[in-house]
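In: Attaching a predicted model along with its sequence, questions to come.
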Amino acid sequence: MFDFVLDFIDRYYLSSGYNIVNTVTYGLVLGYIIYKMMPFFRRLLVNVDRSLVLMLVPFILFGSTGRELIDQDIGLYAGNTSFPQNYLFVSPGIYFTMFFLTLGCIFAGLLLQKIAKLDYHLTTAFLGWILFLYNFSLIASKLTNLYAFGMVLFFFMLSALLAYVLKLGLKLDFLGFEYNFGVILVHLLDASTTYVGVDFLGHIEKHVVPTLFIDVTGTAAVMYVLKLAVLIPALYYIDDELKDDVFSRRFTKLVIVILGAGPAIRNSTLLLMG
């Protein structure tokens, strides 16, 4: 029995990359952790506003680019491309790594705010930008495919325009509420990186659900439809169910943004570095 459990864990969680079992498991665990820690986040962060989002930007950039730099085997990331060395830098480990790293920087920022009266948003963001600058220097030293990234920007702007037309045509007024359309844009960027990478450069999608739809339709362009089909009703539901809980509503949307921005930035890093 014990051997069976070990074999199951190795087969579905350690050695096989993304599969339906670990994908569902990680999703459920992430949702449960966010739900249980919501009171903690509410006390720590107080508000989910522009200052908080801007504070988190460098950490999102650092974690997302770092994930690809592991695969590139470059700089301080070299020698950590395989399990178990890479566990803290790939899903799901990287989410815990970045959570505790960001949390540590926030606590440092709060301490400086108490001692020196400095806004913790600014000091925390400063620490994040220092971390990201190292990753940026590695990426800048190995830029090989600006054309591919240009294609991403083109398809992103085209899809954003079409999404805006869809918003007007179907009178989806709620997409204009509380940066909902911004959430859509982040995921359209993710879809654009996948589309260019898979359809134009021959890359392989690793995640289970996108792979299924790409295999069925024969094109990664299906990601645009998939993103809109999931996000539009999800955002409507979030606004409706959490209309009286501003913090939970905005925090949930922030998590959705991070889940879209992470792979979008990672894919962009891959495209830029070749």
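Out: On my side now, so go ahead.

In: and G150, how far is that from I256?
Out: As defined by C-beta to C-beta, to the nearest Å, G150 lies at a distance of 27 Å from I256. Just so you know, the C-beta spots here come from the backbone N, C-alpha and C atoms, and that holds for glycine as well.

In: Show the contacting residues for the nearest residue to L52 once chain neighbours are set aside.
Out: Among residues not flanking L52 along the chain, L45 sits closest, at 6.1 Å (C-beta to C-beta, 6 or more residues apart in numbering). By C-beta atoms under 8 Å, 6 or more residues apart in numbering, the residues touching L45 are 52, 247, 251.

In: Now the last one: closest residue in space, sequence neighbours ignored.
Out: It stands for F251. V48 (5.1 Å).

In: Does the one you found touch V255 like I think?
Out: No. Counting by C-beta atoms under 8 Å, V48 sits too far from V255 to count as a contact (10.2 Å).

In: Which parts of the protein belong to which domain?
Out: Domain segmentation of the chain under automatic domain parsing yields 1-45, 49-142, 144-274.

In: Name the nearest residue to M98, ignoring sequence neighbours.
Out: Using C-beta to C-beta, 6+ apart, the closest residue to M98 is G63 (4.1 Å).

In: which residues does that neighbour contact?
Out: Applying C-beta under 8 Å, 6+ apart, we find G63 in contact with 94, 97-98, 101, 262.

In: sorry, back to before: settle it for me: which of G150 and I256 has more neighbours?
Out: More crowded of G150 and I256, by other C-beta atoms under 10 Å: I256, with 19 against 12.

In: Confirm for me that that one is in contact with K227.
Out: No. I256 is not in contact with K227 according to C-beta under 8 Å; the separation is 10.9 Å.

In: Need the residues touching each of the two.
Out: Counting by C-beta under 8 Å, 6+ apart, the shared contacts of I256 and K227 are H187.
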